[in-house]
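*Asks:* Here you go, sequence then predicted model.
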Amino acid sequence: MMPQPTGYLCLVLHCHLPYVRHPEHERFLEENWLYEAITETYIPLLRVMNGLVRDGADFRLTATLSPPLISMLRDPLLISRYERHINRLIELASKEVHRTAHQPEFHCLATMYLERFLKTRHAFTQEYGRDLVGAFGRLQDMGKLEIITCGATHGFLPLLSAGPSAVRTQLRTAVAHYEETFGRPPHGIWLPECGYYPGLDEILRDVGLQFFFTESHGLLYADPRPRYGVHAPVFCPTGVAAFGRDFESSKQVWSAEEGYPGDPVYRDYYRDIGWDLDYDYMRFYIQPDGKRGNTGIKYFRITGKTDQKEVYNRELAMALAADHAGNFMFNRERQVEWLSPGMDRPPIIVAPYDAELFGHWWFEGPEWLDFLFRKLHYDQNSVKPVTPAEYLERHDINQVCTPCGSSWGHKGYHEVWLNGGNDWIYRHLHHAAQRMEELTGRFPRADGLTQRALAQAGRELLLAQSSDWAFIMKTGTMVEYAVKRTKDHIARFTSLYEQLLANRLDTAWLKDIEEKDNIFPNLNYRNFS
Amino acid sequence: MTSHLPDHYGRTELVLMMVDPFHLFAYWEVTPENLRQVQDVLGAEMDGARAVLRLYDISLIHFDGTNAHFIFDIDISLEARNWYVPVWTAEKSYCADLGFVARTGRFHAIARSNVVHTPRAGVSGRTEGPWMRVRFVRRRKPDPGRPLELVPVPDIPGRLSPEELRALLERRAREEARLAAQFRQGTLPTSLMQGPR
């Protein structure tokens, strides 16, 4: 039995991307979200974790793998397209090594990128056998990583709760998909956008989930007021545990002003050779439509609020990432020392982040995580990394509170997903969910073609419900794509609904959309009742 | 090519949604038949009648249509088909009617909404409550019907007197609530789906 630490650190990485897959196009811009995240975030994180295992540095990490992300990472078309993508990057980096031969500071960076991309391709095809989900799963089997689930398509549950079935179906489908993937049920869930409303925990309990996370005020404004604030979980009246986000640790990593990632020494995200170099030289490597865009090769450091950027220095950036990891650990040690008097158990610091912050936005993020876990293992005994499952096994007595409705979006409630830019979607999302319920009532035991059409209607409904579309409409970039996806899925759903009621299915068209929107091949349409 | 969405669903309805503790959102549809019925009922009174959303504060009651704590009307344009409604107090339950107020003051409802609950916008005044033991179950689903075991409120170990302890916890709760209020000004990070700022 390990001695009890002064406090626990529960790091949570939320890995999610919306389901984007367009077989009808040879190259499709928005598919790059996945390819960039594989290269810059998922493979670097796997390499960090496997390195820690290899070196015997014990660690604990909790990570969401959302059902759309799992589905994309296992899709043969997207896997082959990712290989094409990384091959193209390797080709570009090789050209860059050649082009910068007489500019030593750039040449060493071009060489760094070339080596990284070669390693990434090797990891993807050889070490992980083109199956990143399996690679994450093995770390879970070792007890180092806890993989939690999410809404089936990351639907923002509070705004889907107007009818009875939509939230239930998002959760049932997610849990069933997790079981298919990992051969066991998930212990917990990352609620999409941390969106919680009182009563949601009843559905979580019914589908077998034992814990979730809320934004800080979800717990601090809970009723009754939790004795330990966000530094211990509470049980909802249903017995499902709620963990609250710690703001101190979040802010240090996340804040654009005060956070680590904004340090002038770190790599600048926005200065990319896709924008800087000669158009004819770049044309093949930027966007499919010939517009300029990011490639992932970036030579400058943040420097400061100036356009005169200085060249990136990898050694300095690594030294700083190590310093920042030490600083984060020091602050957590002081934090748990401050918190533990007056508590009947060690406090838990819950620090959740969007996974894509690490590596994609904050280039040095994965290395920071690596340094942090090594320091936590070798340099101190007071803060111990923990998963929510381990914590709840050790501390099974908790206060009973009802968390407050909340999200982690701007202003803390629903405004990001319900505002003048996206409010038009809800009428259609709610009606489609009601119509799907109606269909399950009308066709309780369908088979053959009818069953296929019902399942496809379910897929279209789920895909329309992704919170990502409303989020993109709010943030103002790629809006056209988000609008089109919402409309396409609702329109496909509506056609299927009408065809089913009229008993006139268009089989050729059904086959076409089954191939396009192929998420959840084993979807049970009866789950929509 | 972008797909075409249904323009209407052929059903009179009013749906209320919560934006935050101080804002609601309503959307509605009124079928031409239902609109004609209202016009028939109101007859001459329809002349100069205002379309309104009538909001009812029905917190902690079983609403029978007459016992709301508080009622207020928001003038709307029926054709707008949706509206944002500011409210003044957090932690309430609301439902609404869509209808017309005639110049005589007579109200005629076309549709009644669902009920929405607005969340708390600050710390709860209640500090006392039960504690529970829940056994965590690994690698399988717990039985949703399993009994939940209430336990005595645990003591806090240490050398603090009850007064010192209460003061410590109060101070922490206030500090945390202050930070949380600051923090929820927005922490959602830039997403991968966003292009360069």
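*Replies:* Done, it's in.

*Asks:* contacts and neighbour counts: CA atoms only from here.
*Replies:* Noted.

*Asks:* Helices of chain B, start to end?
*Replies:* Ranges of helices in chain B, per DSSP state H, are B:32-42, B:162-183.

*Asks:* Comparing the ones you listed by mean pLDDT, which bottoms out?
*Replies:* Ranked by mean pLDDT, the helices of chain B bottom out at helix B:162-183, which scores a mean of 77.

*Asks:* Please work out which residues outside that one touch it.
*Replies:* A:216-217, A:220-221, A:227-229, A:247, A:342, B:122-123 (C-alpha atoms under 8 Å, 6 or more residues apart in numbering or on different chains).

*Asks:* Buried residues, that helix. List them.
*Replies:* B:165, B:169, B:172-173, B:176-177, B:179-181, B:183 (16 or more other C-alpha atoms under 10 Å in any protein chain shown).

*Asks:* how about those in a markdown table, adding distance to A:Lys411?
*Replies:* Output for the buried residues of helix B:162-183, formatted as a markdown table (distance: C-alpha to C-alpha, whole Å):
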| residue | distance to A:Lys411 |
| --- | --- |
| B:Leu165 | 32 |
| B:Leu169 | 26 |
| B:Arg172 | 22 |
| B:Ala173 | 20 |
| B:Glu176 | 17 |
| B:Ala177 | 14 |
| B:Leu179 | 13 |
| B:Ala180 | 11 |
| B:Ala181 | 9 |
| B:Phe183 | 9 |
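
*Asks:* Looking at those, which one is closest to B:Val15?
*Replies:* Nearest to B:Val15 out of the buried residues of helix B:162-183 is B:Ala181 (C-alpha to C-alpha; 29.5 Å).

*Asks:* Now for the closest residue to chain B within the stretch 301-450 of chain A, how many residues are close by?
*Replies:* When scored by C-alpha to the nearest C-alpha, the stretch 301-450 of chain A has A:His410 as its residue closest to chain B, at 3.7 Å. Neighbourhood size, A:His410 [other C-alpha atoms under 10 Å in any protein chain shown]: 17.

*Asks:* Per-residue pLDDT of it, please?
*Replies:* 87.

*Asks:* where does chain B have low pLDDT?
*Replies:* Chain B contains residues with pLDDT under 70 at B:1-2, B:183-197.

*Asks:* should've said chain A
*Replies:* Ranges of chain A meeting pLDDT under 70: A:1-2, A:256.

*Asks:* can you give me the strands in it?
*Replies:* Assigned by DSSP state E, chain A shows strands spanning A:7-15, A:61-65, A:145-148, A:188-189, A:211-214, A:234-235, A:241-244, A:348-354, A:383-385, A:397-399.

*Asks:* Chain B now?
*Replies:* With DSSP E as the criterion, chain B has strands spanning B:13-20, B:23-29, B:50-57, B:70-75, B:82-86, B:93-101, B:107-112, B:116-117, B:131-133, B:149-151.

*Asks:* right, and those - which one's nearest A:Arg394?
*Replies:* strand B:131-133 (11.4 Å).

*Asks:* Quick check: neighbours of that closest one in the sheet, parallel or antiparallel?
*Replies:* Partner strands for strand B:131-133, per DSSP bridges, with pairing direction: strand A:397-399 (antiparallel), strand B:149-151 (antiparallel).

*Asks:* Comparing the ones you listed, which comes out most buried?
*Replies:* Greatest average neighbour count among the strands paired with strand B:131-133 goes to strand A:397-399 (a mean of 25), per mean count of other C-alpha atoms under 10 Å in any protein chain shown.

*Asks:* what residues does that strand touch?
*Replies:* Contacts for strand A:397-399 (C-alpha under 8 Å, 6+ apart): A:226-227, A:232-235, B:129-134, B:151.

*Asks:* What about residue 63, how many residues nearby?
*Replies:* No chain specified, so I'll use chain A. Counted with other C-alpha under 10 Å, A:Ala63 comes out at 25.

*Asks:* oops, chain B please
*Replies:* 14.

*Asks:* which bits of the stretch 251-400 of chain A sit near chain B?
*Replies:* Within the stretch 251-400 of chain A, the positions lying close to chain B (C-alpha under 8 Å from any C-alpha of the partner chain) are A:254-255, A:270, A:341-344, A:354, A:356-357, A:360, A:389, A:392-393, A:396-400.

*Asks:* taking these one by one, which sit in helices?
*Replies:* Taking DSSP H as the definition of helices, those contribute A:254, A:389, A:392-393.

*Asks:* Name the member of the residues you listed with the most neighbours.
*Replies:* Ranking those using other C-alpha under 10 Å puts A:Trp254 first, with 24 neighbours.

*Asks:* Surely that one touches A:Tyr260?
*Replies:* Yes - when contacts are counted by C-alpha atoms under 8 Å, A:Trp254 is listed as touching A:Tyr260 (7.5 Å).

*Asks:* Now for A:Asp415: which residues touch it?
*Replies:* Small correction: residue A:415 is Glu, not Asp. Here A:Glu415 is in contact with A:409, B:19-20 (C-alpha under 8 Å, 6+ apart).

*Asks:* could you measure it against A:Arg332, distance?
*Replies:* From A:Glu415 across to A:Arg332, the span is 32 Å (C-alpha to C-alpha, to the nearest Å).

*Asks:* cool, A:Tyr266 as well?
*Replies:* Distance from A:Tyr266 to A:Arg332, by C-alpha to C-alpha: 23 Å.

*Asks:* how about the residue lying farthest from the centre of chain B, what does it touch?
*Replies:* Computed with C-alpha atoms, centre = their mean, the residue of chain B farthest from its C-alpha average is B:Arg159, at 43.9 Å. With C-alpha under 8 Å, 6+ apart as the criterion, no residue contacts B:Arg159.

*Asks:* Let me see the backbone angles for it.
*Replies:* Torsion angles at B:Arg159 (phi, psi; degrees, to the nearest 10) stand at phi -100, psi 10.

*Asks:* next one: A:Pro164
*Replies:* Dihedral pair for A:Pro164: phi -80, psi -30, per degrees, to the nearest 10.

*Asks:* Measure how buried it is and give me the count.
*Replies:* Burial measure for A:Pro164: 14 neighbouring residues, criterion other C-alpha under 10 Å.

*Asks:* Check B:Phe70 too.
*Replies:* Residues near B:Phe70, counting by other C-alpha under 10 Å: 11.

*Asks:* For A:Val97, which of the strands paired with strand B:131-133 is the nearest?
*Replies:* Minimum separation from A:Val97 across the strands paired with strand B:131-133 (C-alpha to C-alpha) falls at strand A:397-399, 57.8 Å.

*Asks:* from the middle of its chain, how far away would that closest one be?
*Replies:* 29 Å (C-alpha atoms, centre = their mean, to the nearest Å).

*Asks:* Also stretch A:365-372?
*Replies:* With C-alpha atoms, centre = their mean, you get 18 Å for stretch A:365-372.

*Asks:* Would you enumerate the residues in contact with A:Glu437?
*Replies:* By C-alpha under 8 Å, 6+ apart, A:Glu437 lies in contact with A:165, A:528-529.
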